[in-house]
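>>> Predicted model follows, preceded by the sequence.
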Amino acid sequence: MFTINNVVQPETLKEAYEILVSKKNNTMLGGCAFLKLSNKRIETGVDLSSLDLSYIKEDENFIEIGASTTLREIETSSLLNSYFNGILRESVKNIIGIQLRNIATAGATVFSKYGFSDFNTALLSLDAEVELYKGGRMLFEEFLSKSYEKDILSKIYIKKKGRIAVYTSFRNSSSDYPILNAAVSCLDDNWRIVLGARPQGAKIADKASALLLNKELDEKLIDEAAGIASEELTYGSNMRATEEYRRALSKVLVKRTVKEVLQCR
Ligand SMILES: Cc1cc2nc3c(=O)[nH]c(=O)nc-3n(C[C@H](O)[C@H](O)[C@H](O)COP(=O)(O)OP(=O)(O)OC[C@H]3O[C@@H](n4cnc5c(N)ncnc54)[C@H](O)[C@@H]3O)c2cc1C
């Protein structure tokens, strides 16, 4: 269990950031679901509750998700579920249970780049951007490739394009961590294949995605793309599965997910 000496609820992001970086062990607080599993000693916990960052809204071009939005709000949002075949709901619905999803926040999940993340894999298959207080706004893909730096994730943006997107995962039991997950999206015959929980975090399989570009897809081509995705990305071993098992599984998940996208078109 973690220990916190003080909790602050700043009125502005600027104030929150200044407190965050003023001491090494000052820490952002999301829903604290994950923090509670650690033995961290936190001097000051920075809580964003006063900043109205719990929302999902849209404008002409983007859907915007505030950092304090919970995974349960993402799962049940009729706005989000009216886009991208409800891929974000599909990605979070197996995370433990409703009580956990009522607490865990989108901002913490995205910022922490957890290797096993379901949400991040689905998000990477969309045209998503993140906004960081210090780092500014950038593509989610770019954020994932950056090294860790203390910052505050305030918003997630998803471009409202007509992407058809599907999420799948393979777990030993429904509420366990995923052994491997995949998200595939397609926009105008332009495909994006993402694999996550490898056990490293979500990554686009660029070569496999490029193979499908502007093609009439048949069984042979889908098989070939699945084979390329299994070779071009790295997979690792942990207590849940071996590297070899994940690599073999990736072919199945990619095939299955591409086919499901085809059926949704
Ligand atoms: C038992 C358990 C099982 C889980 N299983 C799964 C699973 O199967 N699949 C899956 O995808 N996820 C799983 N999760 C993770 C969960 O989905 C959330 O990602 C996780 O709980 C973090 O959300 P939180 O709001 O609780 O973050 P917290 O615990 O509050 O914070 C986590 C980290 O994020 C930092 N942080 C918080 N907010 C911000 C911010 N706005 N900007 C920058 N940094 C911030 C914190 O400082 C901390 O380092 C599981 C979590 C738990 C506790």
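Cool, got the structure. All values reported here derive from a predicted model rather than from experimental measurement. Residues are numbered from 1 along each chain as shown.

>>> isn't Ala108 right up against Val46?
No. Shown here, Ala108 and Val46 do not form a contact pair, counting by Cβ atoms under 8 Å, at 11.8 Å. Just so you know, the C-beta spots here come from the backbone N, C-alpha and C atoms, and that holds for glycine as well.

>>> which residues are common contacts for the two?
Shared contacts of Ala108 and Val46, defined by Cβ atoms under 8 Å, 6 or more residues apart in numbering, are found at Met28.

>>> ok, Ala165 - contacts?
Residues in contact with Ala165 (Cβ under 8 Å, 6+ apart) are 84-85, 87, 122, 125-126, 183-186, 261.

>>> repeat that with 10 Å
By Cβ atoms under 10 Å, 6 or more residues apart in numbering, the residues touching Ala165 are 83-88, 90-91, 122, 125-126, 183-187, 192, 194, 257, 260-261, 264.

>>> ok so it is a strand residue?
Yes. Ala165: assigned to a strand according to DSSP: H, G, I helix; E, B strand; the rest coil.

>>> need the residues of the stretch 51-200 of the chain near the ligand, please.
67, 71, 95-96, 100, 103-105, 107-109, 111-112, 114, 116-119, 152-153, 177 (Cβ under 6 Å from any ligand atom).

>>> ok, of the residues you listed, which come out buried?
Neighbour counting by 16 or more other Cβ atoms under 10 Å classes 67, 71, 95-96, 100, 103-105, 107-109, 111-112, 114, 116-119, 152-153, 177 among those as buried.

>>> Next step: those restricted to strands.
Leu153 (DSSP state E).

>>> now the end-to-end length of stretch 183-191.
11 Å (Cα to Cα, to the nearest Å).

>>> Stretch 98-111 too?
Taking Cα to Cα, stretch 98-111 runs 21 Å from one end to the other.

>>> Am I right that Ser50 is in contact with Ala16?
Yes. Using Cβ atoms under 10 Å, Ser50 is in contact with Ala16, at 9.2 Å.

>>> contacting residues for the residue in the chain that the ligand sits nearest to?
Nearest to the ligand in the chain, going by Cβ to the nearest ligand atom, is Gly30, at a distance of 2.6 Å. Contact analysis of Gly30 by Cβ under 10 Å, 6+ apart lists 47-48, 67-68, 70, 103-109, 111-112, 153.

>>> repeat that with 6 Å
With contacts defined as Cβ atoms under 6 Å, 6 or more residues apart in numbering, the neighbours of Gly30 are 105, 107-108.

>>> same thing with Arg137?
Applying Cβ under 6 Å, 6+ apart, we find Arg137 in contact with 129, 131.

>>> Extract the C-alpha set from the helix or strand harbouring it and format it as PDB.
Arg137 is part of strand 136-139, with elements assigned from DSSP states H and E. What follows is strand 136-139, C-alpha atoms only, in PDB (Å, rounded to 0.1, in the frame of the first residue of the first chain):
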ATOM      1  CA  GLY A 136       2.200  19.800 -25.800                       C
ATOM      2  CA  ARG A 137      -0.100  18.000 -28.300                       C
ATOM      3  CA  MET A 138       1.300  15.100 -30.300                       C
ATOM      4  CA  LEU A 139       0.300  12.000 -32.100                       C
END
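
>>> Good, we can wrap up now.
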